[in-house]
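[1] here's a sequence, model it:
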Amino acid sequence: MRAMRASCDACRLRKVACDREARMEKGEATCSACARFAIACTFTRRQQRVTRSDKSGTETPFGVRGLSLSIVDLCVHAYLRFMAPCVPIIDISSLMSRTIQYESDVLVLAMAAMGAPLLDATTGPARFALQLAMERRFTEMLSERPLTARTLEEQADVIEATFILSDLKRSASQEEGPLRMESSSFEFITRLVLETHMNREPLEVDGQRYDSSTGVALSATQVQRRSRIFWFALMQDSFRSFGRQKSTVIRESDYDWELPQWMLHPESHYDAPVHLVPREALSTMASFDAAHLESFLRLAFLVRTVSIKFVTPEAQGRGVRPTDVERALHAFEQWRHRLPSVITWESAVQHPSSHDDVSQRNSIKALFLESLFLRQIAGTWSALHEYGVRADECHCHAPSSRGRLDELMTAALFRVAKLHTEAAARRLLRAHRVLLDLSATYALFGCVLLRHMPPGGHVHVPSDAKLGPFAVAAGAMLTAGDMARLVQQLIDAAHTCDSSRYVGAVVTKLQRFLADARGSSSDSSSSLPSSSPSSSPFSSTSSPWLPFPSSPVPSTSTIYGTFKATQTQMMQWIDDVKVAAGDGGVQCHLPPLSYQEHTTWQASLRALNLNYELPGNVLSMGPDARVWASDLWNNTPDLSCSSPIPTRTDTG
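    Numbering: from 1, shown residues only. Now for the predicted structure:
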């Protein structure tokens, strides 16, 4: 047997000639292809090939009973296909340089754990038992060595892996509802980012970058990875803190990184991995990813701004300024209005191609981004009704601003109904638990509207579809029967989220809420007129609450009070189900699964990287997302009461 093959692993996978031997004679350590794409030029050892070809099932990676190398590959594949487009924290270049060392690779274990529930649903509860076993092993591996005793690369692995698994760490003791279903460990993870100084840009001396705290020299890949981790942490901190109605952990003074830029692979900061991508699909992916990253960042900075005005201690103690409600409304509407058409749900699903992986990946990214946006509307509506409007400024826009936010919340219900019903038909809601949370949240909201609908009353669909196409005609008047059917569509959509162990409990409780709401409504007829009423229902009642043009109209406080109580019941129900289920006693062993030996997740990533034979030119990103959000907030038209926020200026 030769000590060295003619082709390296990457060239062998592409079935192209490898010039490494010739380059070695000239003193070069890598072939030209690997050098061009900045990946490791490696040869797979014979013992690793034997491990891969061993189908006896006796291998137990990570020491997890019931786990095999082939199942690890399937789980990681599933994670990269469904969840990675939603959670773009993984750096492809760091994955591609890895060797097969399952005993210590916490990042691979985390991806496999989150990918296990995404396996074929016919595997039944065994996939959830496997996930639990891998999560437990992950916790054990972290406790074996403290973070401070790990190298910088290992620290990055731990933080990325913990981010990925954070959704499994929710505590039943937290006072959280469907709008605030966050990991109990998330704040701790964010603080880890700060403690490891990933929030600070590395120092540069004579062209070499150094860690600002330890003075350790960093490669370009390490710098990029640390930047990626920090910006993901900042975005998640923005969304999750606001969802929990808390101030953000990361303050403006806590970081000095420049905003990330989307670049063609392999230099990209935020490219979600897909499987083999034909070259003809690259131009579409490039424009899509650049627009997606910019819109994601804009939404994050916008939510940080809204959070300052809605959920800070001052807002919780004194209420929200009416002018800030107006600014939030204007900002949300403008974000949706300026969303590039290429990354809207309708565009992503209407441009299928022969490249199924690319189409699905873009559809998931568009779905998740808009769902995240609609979640912020629900969070803003909840925060306003939780803390109220400042009493000393109620003369300034108070009735109209509260009413407009009520209208936006109702519009979001009809948008979610369309978005998630169509996504469910494509089995995409299984990609992330946030999608299940959103379906459940708006289904609860629909049940509350139905429950409080007065006899003969109607729900008015907003005539201006500022959030995109609705599930029903804009301007229509919905009866109780129409609303019940709309809510049922959302419940049916939620039922397709089979990657959640507790989706059955969620759907069961939603069905009970809907049955109770039907019983409270005396009208089950259906009528969907195509035209809107001649006069606006918003001015025909004494209440700013928008949906009901007939009398008596339920008060805003009544609607929100019922909604909050329903949330609490739902979460208590799920917690009770979790306690009763325990570990379930289900064995981790899965039934036989389809698996091809050569399609390891590493091979797919390596081949993916070498399909990107384009220069790494930076695409135009438009205005700085941070400045964009500040300008949008500070330039809201028609406000007589001013409450601007300062625009951050960088001095470094």
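[2] surely Gly248 is in contact with Arg304?
    Just to correct that, residue 248 is Thr rather than Gly. Yes - applying Cβ atoms under 8 Å as the test, Thr248 and Arg304 come out as touching, 6.1 Å apart. All C-beta atoms are positioned from the backbone trio N, CA, C, and that covers glycine.
[3] these two: which has the busier surroundings?
    A direct count of neighbours by other Cβ atoms under 10 Å for Thr248 and Arg304 places Arg304 higher, at 25 against 21.
[4] ok, the more buried one - contacts?
    By Cβ atoms under 8 Å, 6 or more residues apart in numbering, the contact list for Arg304 reads 238, 242, 248, 629.
[5] possible to save the residues you listed as TSV with distance to Ala126?
    Formatted as TSV, those follow (distance: Cβ to Cβ, whole Å):
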residue	distance to Ala126
Ser238	37
Phe242	37
Thr248	39
Ala629	45
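[6] in helices only, show me those residues.
    Residues of these located in helices (DSSP state H): 238, 242, 629.
[7] contacts only, for Gln236.
    Taking Cβ under 8 Å, 6+ apart, we find Gln236 in contact with 163, 186, 190.
[8] now do it against Pro61, distance only.
    29 Å (Cβ to Cβ, to the nearest Å).
[9] test my guess that Ser371 contacts Leu438.
    Yes - with contact defined as Cβ under 8 Å, Ser371 counts as touching Leu438 (5.1 Å).
[10] low-confidence regions, the stretch 101-250 of the chain specifically.
    101-104, 121-123, 169-185 (pLDDT under 70).
[11] all helices of it, in order?
    Applying DSSP state H, counting those that start in this stretch to the stretch 101-250 of the chain gives helices spanning 106-115, 126-144, 152-165, 186-195, 220-243.
[12] that older thread, and which of the contacts of Gln236 is nearest Met134?
    Within those, the smallest distance to Met134 is 15.9 Å, found for Phe163 (Cβ to Cβ).
[13] redo the helices of the stretch 101-250 of the chain as a markdown table? Include distance to Gln334.
    As requested, the helices of the stretch 101-250 of the chain are exported to a markdown table (distance: least, Cβ to Cβ, whole Å):
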| stretch | distance to Gln334 |
| --- | --- |
| helix 106-115 | 34 |
| helix 126-144 | 40 |
| helix 152-165 | 30 |
| helix 186-195 | 28 |
| helix 220-243 | 18 |
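[14] pick the most buried one from those.
    helix 106-115 (a mean of 26; mean count of other Cβ atoms under 10 Å).
[15] which strands and helices sit next to that one?
    Applying 3 or more Cβ pairs under 8 Å, 6 or more residues apart in numbering; DSSP states H and E, one finds that helix 106-115 contacts helix 69-78, helix 126-144, helix 152-165.
[16] what sits against Leu107?
    90, 95, 157, 160-161, 164.
[17] can you find the helix or strand in this protein with the smallest mean pLDDT?
    Least confident helix or strand of the chain, by mean pLDDT, DSSP states H and E, is helix 46-53 with a mean of 38.
[18] circling back to that earlier point, who has more neighbours out of Ser371 and Leu438?
    Taking neighbours as other Cβ under 10 Å, Ser371 and Leu438 compare with Leu438 leading, 28 against 24.
[19] may I ask which helix or strand encompasses that one?
    For Leu438, the element it lies in under DSSP states H and E is helix 433-451.
[20] list the helices and strands that helix packs on?
    By 3+ Cβ pairs under 8 Å, 6+ apart, helix 433-451 packs against helix 356-387, helix 398-425, helix 480-495, helix 503-520, helix 556-581.
[21] so the first one versus helix 556-581, what angle?
    The reference is to helix 356-387. Helix 356-387 runs at 120 degrees relative to helix 556-581, counting by axes from the mean of the first three to the mean of the last three Cα atoms, to 10 degrees.
[22] show me what counts as buried in helix 356-387.
    357-385, 387 (16 or more other Cβ atoms under 10 Å).
[23] and for stretch 320-329?
    Within stretch 320-329, the residues scored as buried using 16+ other Cβ under 10 Å are 320-329.
[24] OK, contacts around Ile229?
    89, 156, 159-160, 193, 198 are the contacts of Ile229 under Cβ under 8 Å, 6+ apart.
[25] again, but for Ala412
    Residues near Ala412 by Cβ under 8 Å, 6+ apart: 374, 377-378, 442, 467.
[26] what does the pLDDT read for it?
    Per-residue confidence at Ala412 stands at 95 (pLDDT).
[27] kindly report the same for Cys18.
    On pLDDT, Cys18 comes in at 83.
[28] how much space between it and Glu25?
    14 Å.
[29] which one's more surrounded, the two?
    Remark: of Cys18 and Glu25, Cys18 carries more neighbours, 21 against 8, as counted by other Cβ under 10 Å.
[30] so that one sits in a strand?
    No - looking at Cys18 with DSSP: H, G, I helix; E, B strand; the rest coil, it is coil, so not inside a strand.
[31] low-confidence stretches in the stretch 551-652 of the chain?
    Residue ranges of the stretch 551-652 of the chain with pLDDT under 70: 551-554, 581-623, 637-652.
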